[in-house]
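**Student:** Fold the stuff below for me.
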Amino acid sequence: MNQLAFVKRSLCLLSLLLVLPLSVSPSYAQKEKSTKVKKSPKVTAPASYRELILADQPTLYWNFETPASEGYNSVVTVKEKTEPVKALISGKLAKLAAGPRPSEFPLFTTENQAAAFQPGEGFLRVVDPGEKSILDFTAGDAITLEAWVNLNSTKAGRHYYIIGKGRTNRKGVARDNQNYGFRITGSEISFLFRGQPEKKEQKADFHRWTSSGAGISAHNWHHVAVTYTFGKKKSLKAYVDGQPVSGKWDMGGDTTLAPVVDNDEVWIGSSMGGSAGSSFDGQLDELAVYRKALSAKQVASHFKYHAPDPQIDWTAIPEDRVKVDILEGIPNKKSWTFRPPRLAESFTQPHFALIEIPNRYSERGVKVDRPDPYLVRAMSNVAIPKGKKRILIRARNASRLYIDDKLVAETGFHKISGSAHGHVFKVDRSLAPNIRPLHRGDQEKVIEFIGDGKPHRVRFEMIVGGSRHRPDFGETAVFIGEPKQDFQLLTPGDETIMLTDADWLPFEREYRYSLIAVNAARRREASAKEDQYWESRHQLAKAEILKQPQVKVPAAVKGLRANNAIDHFINQRLAKENIAQAPLLGDLAFLRRLSLDTTGTVPTTEQISAYLADEPNTRRAKAIQRFIHDPAWADSWVGYWQDVLAENPNIVNPTLNNTGPFRWWIHESFYDNKPFDRFLTELVMMEGSKYFGGPAGFEMASQNDAPMAAKAHIIGQTFLGLNMQCARCHDAPFHDFKQRDLFSLAAMLKRSSQGVPKTSSVPGFDFNSNSMLISVTLLPGEKVTPQWTFEELVKPGAYPQNYLRSPQDTRQQLAATITSPQNERFVNVIVNRVWKRYLGHGLVEPVDDWDGQEPSYPELLKYLSQQFVIHGYDLKYLSQLIFESDLYQREAAIDSSKVEGFTETPYHFSSPVLRRMEAEQIVDSLFTICGKPLDAGRMCIDIDGARDYHSSLDLGTPRRAWQFTSPSNERDRPSLALPFGQPFITLLKTFGWRDTRQSPLTVREYAATALQPAILANGVVGKRFTRLSDDSDFTALALEKQSVTDLVKSTFLKTLTREPTQSELKMFVELLQPGYTERVNEKAEIVTREPLPRNLVAWSNHLSPEANEIKVSLESSVKEGDLPTQRLNADWRNRYEDMLWTLLNSPEFLFVP
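**Tutor:** Modelled structure (predicted):
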């Protein structure tokens, strides 16, 4: 996008927001009480910014006004007894963008320009003219550096170089030779130099000063300055927007040492070889360097600001809706004193609950983090009924409630310590009879309000995140109620949602689930241009495949059933070997298999009814179409790719090989049916959110000495069938891989040379010995350059050049090479993975290690791979081909290749292989059948958000089994347990699921164990399935007016997706017949449990003795199970539960038909 046009449009949007007719927002303290930002007097016009700077006589000054001949911004310098010094463009700079301009910044002209920088794209360089030049500073020299900055983001820990001398990593100059460096780090000012030791044998240390609470925010112009006298302690001063800011020397300490100085260049907008991680990201203007220290008064004179009036157009808010604005560009400090933030986006909803908001996506369609912190504002015209009312606000962070533009209530900033020694607060239900207790970490405030039955302007604002806390909402909402009565959620419409456990928990589940579709729509909108790019790539790939000889489908074999090309390939072999086809599955067995394979659960009774309502000759084809387009398709695939890609988040204190939770990106990819070449590319690029669900989470490998080597191993094994596990430490003894192959791939992912750590080498290896069983050809510490070494698969660069947006980016090169139409291995491996997943045995085995393996049906594999590419790498299309085949629809058989003494090679596929349900399918099917919510609690220890988000993740409340994770309670402290989630985790692990995934795995352990039937028969989860509680679908089924025979049939259909046999029907009718007509207790009411003390214990108070007691008590309650319904006779209910127990524990239940 043209940068100038983008800025103009952004300013227009901001201007539109700020001129709408409404009185000044009291939340913006510039208009109320700020003493730091004042309007300039109107008596005399102030001097222009250029005049002010020139009066202070800078040594160097660039105002970025005149374009360069190439169309990029040029540099203007100020003479100081010498000719102007010019900065040269290195790489590519975006076109000039709008700089600070009036009316907000009255010192500037309306046409003021700024230089725009994009990380890794380009920067400016100034050549040092020689010894003791005006660019060099040493002991005794004073320096002032100042600039105007407008950052696109202020990521914590990220260094945005404004200007620096040295540390360019150029050839021929020393490394780490920082004479001076002026940076923004996160939202703070950073000044850096390397000291010159007084003695040669002494080590040269970096000395770094970092501000505290500077409050530099993204998408806002800020004036920043630093003054310092080298060699003089306590001389550093820093300023933001004309005001001094405090800070400290957080590296190397304050010093009297001189800085290192040489003839290296001055770079503007980058450092360290132009690394994207050290580059400026945004607009830069009015950069000046002085060989003196400006006074505080001089610096203050360089900043003048006029705050615009923030206004809201209330007439634009839809009737019966709440408009929610997300506003960015507020400082990262605990204060409401900030400039009017930038409106980033808006949406509407029917209520004043803010427990989660829609995600933000990049133009690639990948989830990205919002600036931290940001402001969320909900507003609507709400008619408040007549009479005395109570209004309650609950909020996770600082919030304010306005009614008719008057501040009526507020909560303070989040201030819970993460030390673990906090108090356990008592459950307080004094506000209302049935009130849901306040969630730990939230605050609340109640006010009285006299309603008049008329509409009022209600506006609620909250600051989200900040101070490295997760951008959590807790249970933020606005409620209203009568005195001494229960509160209900404030809405402009007629919907009633009470602040009770009974109402709030279902509301929260439904609200979060609804966001899945909302976020999908937002991804489509954000990635419209990206979709066009991939469509063009797919057309190129299709054309390339069609140039190749197409695989000829064999003719039909007489006497053998066939539905499509798959069957013709298989039948040809079966006929030749005289092997009979297995019989077809019955209709309901087929439906159960199809449902498990596409949605991860057995079919619901509604799905069964719809299936049976179709004509017999078309019902299977129609069912295939319905199920592959079911949103649960995504849920069915996540667990598989979590294993294969070693997704390994840790909810507290990351340890070895922990990743970010990129599970959400996996789910979104399959929800969108993302083409698989795009899936691979996004994974390799590792962009987006790292800690909150983007593919950047894959980049993490905590406590790993060579993280990119670990990722190279995963990518090679997953997408290319290259098992390079042994090559991490030495050349592979049983594969044709050298350690260099793995580290070359790692270097491509790293975008620079990859060193070989000592810990990735064989200890004590004798490089001169010829007797070792292994070979080591890389020395510890050796640097391996980025290079594609697998030329037997595809040649380097064998892809259309327009595949690359940044041709020098080795990650892009790697992704393009793997997904190149010339690389048959990639599509072959993906096709083979899908084939094995649905049919139980691969065309190539093992599917993740192709070394020396040949496909059992090479022409079939090639045919499917060609079709996969021709149809845009569409996994659903490939799956549909398999589902529609006669082969898939046959009865399953035991995989004879795994039976001792078996000699048949290869597997002929006369039938699919009998498969046991995956662990996730067992759990999800149990709760699909019984209709109960999982009620597993949150996968989070830090429920109050007290800790740094790098140390504690919140993986949410599971609605499907793939959302569980390790409780990470290595300390074995009851207070850190997850009592509601642990029974699920235990069951999942018993059936082969991994709660930690430090390495990739394709095939889980399926060996039968004694624990498996035991945990289903006697475990908490099985007990919840069979218990006829008031929220069980079986309870509702038992209460229906129907014969006992129909009840037994319905129960079989619901549980096993089939009718009972005559003997089964007879047995269970005899069991349930006694007392059947008297089973219903008409007078009984629905049983409600006394609310359990949830949400009271977090990391912040887990060392309290009360915390242990609460968690132990919760664990006991969980083991007791759900309360049985009183609406059914207890004796008859127990017998019906016995029937359910019997069906659950039948071997049939666990196996895919």
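**Student:** now the helices for the stretch 551-700 of the chain?
**Tutor:** Counting by DSSP state H, counting those that start in this stretch, one finds helices in the stretch 551-700 of the chain at the ranges 565-577, 587-599, 605-613, 619-628, 632-644, 663-671, 676-685.
**Student:** need these in TSV with mean pLDDT, can you?
**Tutor:** Below are these laid out as TSV (pLDDT from 0 to 100):
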stretch	mean pLDDT
helix 565-577	97
helix 587-599	99
helix 605-613	98
helix 619-628	98
helix 632-644	99
helix 663-671	99
helix 676-685	98
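**Student:** Reformat those helices as a markdown table; add mean neighbour count.
**Tutor:** C-betas here are computed from N, CA, C, even on glycine. Below are these laid out as a markdown table (neighbours: other Cβ atoms under 10 Å):
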| stretch | mean neighbour count |
| --- | --- |
| helix 565-577 | 19 |
| helix 587-599 | 23 |
| helix 605-613 | 15 |
| helix 619-628 | 18 |
| helix 632-644 | 22 |
| helix 663-671 | 23 |
| helix 676-685 | 23 |
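**Student:** Please render these as a markdown table that adds distance to Q754 to the earlier fields.
**Tutor:** Below are the helices of the stretch 551-700 of the chain laid out as a markdown table (distance: least, Cβ to Cβ, whole Å):
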| stretch | distance to Q754 |
| --- | --- |
| helix 565-577 | 42 |
| helix 587-599 | 40 |
| helix 605-613 | 50 |
| helix 619-628 | 41 |
| helix 632-644 | 23 |
| helix 663-671 | 25 |
| helix 676-685 | 15 |
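**Student:** For I143, which of the ones you listed is the nearest?
**Tutor:** Closest to I143 of these is helix 676-685 (Cβ to Cβ; 39.2 Å).
**Student:** quick one on the thing from earlier: closest one to L864 among the helices of the stretch 551-700 of the chain?
**Tutor:** L864 sits nearest to helix 565-577 of all the helices of the stretch 551-700 of the chain, at 7.6 Å, using Cβ to Cβ.
**Student:** which ones are touching the closest residue to P661 other than its chain neighbours?
**Tutor:** The shortest distance from P661 to any residue other than its chain neighbours is 4.2 Å, reached at P649 (Cβ to Cβ, 6 or more residues apart in numbering). Neighbour list for P649: 658-661, 663, 697, 953, 955, 965 [criterion: Cβ atoms under 8 Å, 6 or more residues apart in numbering].
**Student:** sorry, back to before: identify whichever of the helices of the stretch 551-700 of the chain lies nearest to A1007.
**Tutor:** Minimum separation from A1007 across the helices of the stretch 551-700 of the chain (Cβ to Cβ) falls at helix 632-644, 16.7 Å.
**Student:** what's the pLDDT at the residue nearest to the spatial centre of the chain?
**Tutor:** Residue closest to the average C-alpha location in the chain (Cα atoms, centre = their mean): G693, at 1.0 Å. pLDDT recorded at G693 is 97.
**Student:** I figured it hits I666, correct?
**Tutor:** No: contact criterion Cβ atoms under 8 Å: G693 and I666 do not qualify, at 9.4 Å.
**Student:** how close does the nearest residue to P631 once chain neighbours are set aside sit to V602?
**Tutor:** Distances taken as Cβ to Cβ, 6+ apart put Y671 closest to P631, at 6.5 Å, once the chain neighbours are dropped. Between Y671 and V602 the distance is 21 Å, computed by Cβ to Cβ, to the nearest Å.
**Student:** which residues in the stretch 351-500 of the chain form strands?
**Tutor:** Secondary structure of the stretch 351-500 of the chain (DSSP state E, counting those that start in this stretch): strands at 353-354, 360-361, 367-368, 374-383, 387-395, 399-403, 406-411, 443-451, 455-464, 476-481, 487-489.
**Student:** In a markdown table: those, plus mean neighbour count.
**Tutor:** Formatted as a markdown table, those follow (neighbours: other Cβ under 10 Å):
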| stretch | mean neighbour count |
| --- | --- |
| strand 353-354 | 24 |
| strand 360-361 | 21 |
| strand 367-368 | 22 |
| strand 374-383 | 22 |
| strand 387-395 | 20 |
| strand 399-403 | 22 |
| strand 406-411 | 16 |
| strand 443-451 | 15 |
| strand 455-464 | 22 |
| strand 476-481 | 24 |
| strand 487-489 | 22 |
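**Student:** looking at those, which is closest to L778?
**Tutor:** In terms of Cβ to Cβ, the element of those nearest to L778 is strand 367-368, at 36.7 Å.
**Student:** where does I162 land in three-state SS?
**Tutor:** Secondary structure state of I162, per DSSP: H, G, I helix; E, B strand; the rest coil, is strand.
**Student:** And the chain, what are its domain boundaries?
**Tutor:** 3-7+51-301, 314-525, 919-1152 (automatic domain parsing).
**Student:** Great, nothing more from me.
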